[in-house]
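[1] structure for this input, please:
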Amino acid sequence: MRKWLFRKRAAFTGARHWLLLLVAAQALFLLAVAGAGYATRAYGQTIVLRTTPLDPRDFLYGDYVQLRFTISRLPVKLWREAGPVPRRGTPVYVLLRPAGAAYEAVGVYAEQPTAPTGTVVLRGWVANNWRRALHVRYNLEKYYVPEGTGRQLERRGARHPLLVHVSIAPWGQARITQVEPLADSTAQSIESRD
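    You can find the predicted model right below:
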């Protein structure tokens, strides 16, 4: 009887250690995800992109705007590789340079190019390719806003393009830090929620 109790107790103690290890691993993962977002904002290079917002609503998460960047639809002539134009789902690297108030695309590559001074590389994925254009998504297309402000942001974006401040970390992660109107300088910019 004692041996049986000892085995049950040892099995319970081992299971408890595994459970604690699993909970600790999940907590570390959540902290790492949050820390990566803050590190991207703190150590990243901030660029500005032009966009036009749409205003869908997600019943679980609230108001958000769907952003259509000017660098989302790129002419095929910007493809700088010798091979064929990439297919849907293929990762690509878009070389951007400043042009006025925002950045514009100057080349699309299959491998990360070395960025000359004054330029930056943003990683994206081919969402679709047509004969003359590539549709690239950057995982920056959804921007959550405070409840009730999505329509207001959409109306501003219908009159003038919006400027989106994106922070790009040295390790390639990108994050939206701010969205503001281009022409309406008196309008209050909408800061991202952390």
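[2] centre of the chain to stretch 150-164, how far?
    Taking C-alpha atoms, centre = their mean, to the nearest Å, one finds the center of stretch 150-164 at 19 Å from the center of the full chain.
[3] pLDDT of that stretch, averaged?
    Computed over stretch 150-164, the mean pLDDT rounds to 76.
[4] what residues of that stretch count as buried?
    Neighbour counts using 16 or more other C-beta atoms under 10 Å place 150, 153, 154, 156, 157, 161, 162, 163, 164 of stretch 150-164 among the buried residues. C-beta coordinates here come from the backbone N, C-alpha and C atoms, glycine included.
[5] regarding the fourth one, what is its secondary structure?
    For residue 156, the secondary-structure state derived from DSSP: H, G, I helix; E, B strand; the rest coil is helix.
[6] also the second one?
    The local conformation at residue 153, judged by three-state DSSP, is helix.
[7] what residues are up against residue 124?
    Residues in contact with residue 124 (C-beta atoms under 8 Å, 6 or more residues apart in numbering) are 91, 92, 93, 94, 136, 137, 138, 139.
[8] so which of those sit within helices?
    Judged by DSSP state H, the contacts of residue 124 include no members of helices.
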